[in-house]
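Engineer: Got a sequence here, can you build the structure:
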Amino acid sequence: MPVSLATSRRTRRSFYTARVEALGVSAYTVYNHMLLPVCFRSLEEDYRHLVSHVQLWDVGGERQVELRGTDAARLAQLMTPRDLSSAAIGQCLYAPLVDAGGFMVNDPVVLRLAADRFWLSIADSDVLLWAKGLAYGLGLDLAVSEPDICPLAVQGPKADDVMAAVFGDAVRAIRFFRFETLRFRGHPLIVARSGWSKQGGFETYADDPAVGLELWDALWEAGQPFGIGPGCPNLIERIEGALLSYGNDILHGDNPFECGLDRFCHLDRPIAFMARAALETAAAQGITRRIRGLRIGGPATPPAAEPWPVHGQGRRVGEVRSAVWSPRLATNIAIAMIGRDFWPAGSRVEVETPGGARPAIVADLPFV
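Structural biologist: Below you'll find the predicted structure:
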């Protein structure tokens, strides 16, 4: 019998939940204690529409942890090895958050709204509580909060046209990973050129339910000539593009070097962050495993709901963390944590899938 998700007030609804339900959402996950759509028609139908047209996504589960006050910049920097000192107002920065032991806590996009105000647009973990604890324990002068903001994403190759129909051509000038405050029917909204797909698009940050619903309806209407449809972050598209998912591909027991995030670890700069000693040790010792891609042979497998062991030369050498059938590549593809001896592209391994052992070849990321 099919398994259903029982919801309650603990699984919060976004400003847009009624809209996605009216449009036929077929599956949710829970993300930051909120409902996040994961499918409408089917995984493959949603994928084909996303890469060809444009979609409207309810990503209200992408919560904002706000740091505001005198020590906001100091706390933001303490949490990440990425140098934030030169971050400009209006800039978005991907920044791994790392605890004192050097282990991944989250990998948000950081938005700098003012000299003393940041939003951490977080993946699925309780950063709010961690940030509050750090601020209190260190006696920092700032407020840490989670404002009720529900991002709404417009993603796909026709996203610029839809956004321009609502916000005017000024939206086309927003550069990648930058944001501007634009007005929608007199209400100021932060609009960023960002989003969890490689197809291009925008995220808007509504801070009022009524405004959010008006924005949804305006974008939906404007998108009709462009074949707009409801959508959500798509498993096929994100694995093809190697968009890593915290909690799936990245786990708390991983350090950023193992996750391929070396370029965001600025150990050569005089910045104060809590993981410095641990990451300097990890860098000096080197790592023995790293996230790599896999092409897995055989017919289509189901998406990986749990780790699949990877074997090479008669021993376990890693695990698949996410996997899916790629229609574009006509093969199963996966994101896996792999031991050092099997990092080179072309290395041959074997994956224990739910349907039995399959041959696989190590590949560079991204696949597409």
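Engineer: switch to C-alpha atoms for all contacts and neighbour counts from now on
Structural biologist: OK.
Engineer: buried ones in the longest helix seen in the chain?
Structural biologist: Longest among the helix segments of the chain by residue count, using DSSP state H, is helix 209-222. Buried residues in helix 209-222, counted by 16 or more other CA atoms under 10 Å: 211-213, 215-216, 218-220, 222.
Engineer: quick one: which two of those residues are the most distant?
Structural biologist: The distance between the two most remote of the buried residues of helix 209-222 (CA to CA) is 16.2 Å, for 211 and 222.
Engineer: Show me the domain layout of this structure.
Structural biologist: What automatic domain parsing lists as the domains of the chain is 17-62+149-239, 64-132+255-287, 288-368.
Engineer: can you redo the ones you listed as CSV with mean pLDDT and distance to residue 6?
Structural biologist: Converted to CSV, the domains of the chain look like this (pLDDT from 0 to 100; distance: least, CA to CA, whole Å):
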stretch, mean pLDDT, distance to residue 6
domain 17-62+149-239, 98, 11
domain 64-132+255-287, 98, 19
domain 288-368, 97, 19
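Engineer: Let me have the ones you listed in JSON lines, extended by distance to residue 140.
Structural biologist: As requested, the domains of the chain are exported to JSON lines (distance: least, CA to CA, whole Å):
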{"stretch": "domain 17-62+149-239", "distance to residue 140": "25"}
{"stretch": "domain 64-132+255-287", "distance to residue 140": "6"}
{"stretch": "domain 288-368", "distance to residue 140": "35"}
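Engineer: can you tell which of those domains is closest to residue 247?
Structural biologist: Residue 247 lies closest to domain 64-132+255-287 among the domains of the chain, at 7.0 Å (CA to CA).
Engineer: what's the span of that closest one from first residue to last?
Structural biologist: 32 Å (CA to CA, to the nearest Å).
Engineer: burial of residue 288, as a residue count?
Structural biologist: Burial of residue 288 is recorded as 11 neighbouring residues (other CA atoms under 10 Å).
Engineer: That one contacts residue 339, doesn't it?
Structural biologist: Yes: Residue 288 lies in contact with residue 339 (CA atoms under 8 Å); the separation is 5.8 Å.
Engineer: could you measure residue 280 against residue 272, distance?
Structural biologist: Separation of residue 280 from residue 272 (CA to CA) stands at 13 Å.
Engineer: Surely residue 277 is in a helix?
Structural biologist: Yes: the assignment for residue 277 by DSSP: H, G, I helix; E, B strand; the rest coil puts it in a helix.
Engineer: Run a quick neighbour tally on it.
Structural biologist: By the criterion of other CA under 10 Å, residue 277 has 14 neighbours.
Engineer: And it, how far from residue 79?
Structural biologist: 13 Å.
Engineer: same question, residue 31
Structural biologist: 21 Å.
Engineer: Could you check which of the two is surrounded by more residues?
Structural biologist: Set residue 31 next to residue 79 and count neighbours by other CA under 10 Å: residue 79 wins out with 23 against 19.
Engineer: Tell me which residues touch the more buried one, please.
Structural biologist: 97-99, 273-275 (CA atoms under 8 Å, 6 or more residues apart in numbering).
Engineer: swap the cut-off to 6 Å and go again
Structural biologist: Contact analysis of residue 79 by CA atoms under 6 Å, 6 or more residues apart in numbering lists 97-98.
Engineer: for it, phi and psi?
Structural biologist: phi -90, psi -10 (degrees, to the nearest 10).
Engineer: got it, and residue 48?
Structural biologist: Dihedral angles (degrees, to the nearest 10) for residue 48: phi -60, psi -40.
Engineer: swap in the one 3 residues further on?
Structural biologist: Main-chain dihedrals, residue 51, degrees, to the nearest 10: phi -80, psi -10.
Engineer: How much space separates it from residue 89?
Structural biologist: Where residue 89 is concerned, residue 51 sits at a distance of 31 Å (CA to CA).
Engineer: next one: residue 305
Structural biologist: Relative to residue 89, and taking CA to CA, residue 305 is found at 39 Å.
Engineer: Compare neighbour counts for these two and give me the winner.
Structural biologist: Shown here are residue 305 and residue 89; by other CA under 10 Å, residue 89 has more neighbours (17 against 11).
Engineer: what are the C-alpha coordinates of the particular helix or strand that has residue 134 in it, in PDB please?
Structural biologist: Using DSSP states H and E, residue 134 sits in helix 127-137. Taking Å, rounded to 0.1, in the frame of the first residue of the first chain, the C-alpha atoms of helix 127-137 are listed here in PDB:
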ATOM      1  CA  VAL A 127      21.300  26.500  11.600                       C
ATOM      2  CA  LEU A 128      19.100  28.900  13.500                       C
ATOM      3  CA  LEU A 129      19.600  27.100  16.800                       C
ATOM      4  CA  TRP A 130      23.400  26.700  16.200                       C
ATOM      5  CA  ALA A 131      23.700  30.400  15.400                       C
ATOM      6  CA  LYS A 132      21.700  31.400  18.400                       C
ATOM      7  CA  GLY A 133      23.900  29.200  20.700                       C
ATOM      8  CA  LEU A 134      27.100  30.700  19.200                       C
ATOM      9  CA  ALA A 135      25.900  34.300  19.600                       C
ATOM     10  CA  TYR A 136      24.900  33.700  23.200                       C
ATOM     11  CA  GLY A 137      27.900  31.700  24.200                       C
END
